[in-house]
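1. just need the structure, nothing else, for what follows:
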Amino acid sequence: MNRHYIFIDVDGTLVSYENELPESAVTAIKLAQKNGHKVYTVTGRSKAEMYEEILSIGFDGYIGGNGSYIESDGEVISERSLSYEDCRRIVDWLHDKGLEFYLESNDGLYGSEHFAERAQKTIQVYTARKGNKEADKITVKEAFPDMIFGENLYREKVNKISFVLNDFSDYLEAREVFSDFRVGTWGGAGETALFGDVALDNIDKQTALDLLMTHLKESNKHTIAFGDAKVDIPMLEYCKTGVAMGNGGPDIKEIADYITDDVENDGLYNAFKHFGLI
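-> Residues are numbered from 1 along each chain as shown. From the prediction side, this is the model:
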């Protein structure tokens, strides 16, 4: 059996939109590793959001910040982040605009002064869109249990800065002001987006996988990627085999080589079986 490199998105792929981790997914990963395969998470989450329930699975590596940070077998392969000056510039603009935000870094999530209050309804809308029937009860503290408040918001080694959109025009203005960065949205498509974010340009999940495999002196011949959203498409396009989750969006399903079941319905386990990884 050839050793495969398996790359798994986290939200909507490894864990459900309610942040529940299926036991079948853990079983599949551990069995695949026992069979000699290497398994990596590839996520927009910074390491501070990779909670113990996920880390304790024992992955062979981690790619975070949608490609800005790469770790393999405990070794940091690449780390690209906003500089102190970048962070200060973005934070000052957000303050001037009256937009609440949080900094995403590997050592913590740092919330702006009124993020917890301002983001409450936005987080509930976001969670409801992901299928949580009790979304109206979710608090920012529950959504981001380890978020830190009251700390200096001018920092180094920030992977990304996410901010609550008061209006879609906030994103359009940010894209114009920070044209030298990658400015995106999440929580919805187009004018239904709930958040904007700012990060370094020319980094995505595909560039990260290419860098990792080059470091490992491996080709993409025996690679397989799992995802559920548009941000995962570059990863699926890079890998030899791309798998979309049943709960994934139409765009990623259109380009996938295979569509498995929903994350809650043993989607990872069933796909691992289908491809003979376990």
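2. could you pull out the helices for the stretch 1-150 of the chain?
-> Along the stretch 1-150 of the chain, counting by DSSP state H, counting those that start in this stretch, helices occupy 23-34, 52-55, 84-97, 115-129, 140-143.
3. among those helices, which is nearest Tyr69?
-> Closest approach to Tyr69 among these (CB to CB): helix 52-55, 14.3 Å. From N, CA and C alone the C-beta is placed, and that goes for glycine too.
4. what residues of that closest one count as buried?
-> Ile54 (16 or more other CB atoms under 10 Å).
5. may I have it as PDB, with CA atoms only?
-> Taking Å, rounded to 0.1, in the frame of the first residue of the first chain, the C-alpha atoms of helix 52-55 are listed here in PDB:
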ATOM      1  CA  GLU A  52      -7.400  19.900  23.000                       C
ATOM      2  CA  GLU A  53     -10.200  17.700  21.700                       C
ATOM      3  CA  ILE A  54      -8.700  18.200  18.200                       C
ATOM      4  CA  LEU A  55      -5.000  18.200  19.000                       C
END
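6. related to what we said a few turns ago, need the helices of the stretch 1-150 of the chain in a markdown table (columns: mean pLDDT and distance to Asp170).
-> Formatted as a markdown table, these follow (pLDDT from 0 to 100; distance: least, CB to CB, whole Å):
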| stretch | mean pLDDT | distance to Asp170 |
| --- | --- | --- |
| helix 23-34 | 98 | 36 |
| helix 52-55 | 92 | 31 |
| helix 84-97 | 98 | 7 |
| helix 115-129 | 93 | 12 |
| helix 140-143 | 90 | 19 |
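7. in JSON lines: those, plus distance to Ala244.
-> Formatted as JSON lines, the helices of the stretch 1-150 of the chain follow (distance: least, CB to CB, whole Å):
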{"stretch": "helix 23-34", "distance to Ala244": "16"}
{"stretch": "helix 52-55", "distance to Ala244": "21"}
{"stretch": "helix 84-97", "distance to Ala244": "33"}
{"stretch": "helix 115-129", "distance to Ala244": "19"}
{"stretch": "helix 140-143", "distance to Ala244": "25"}
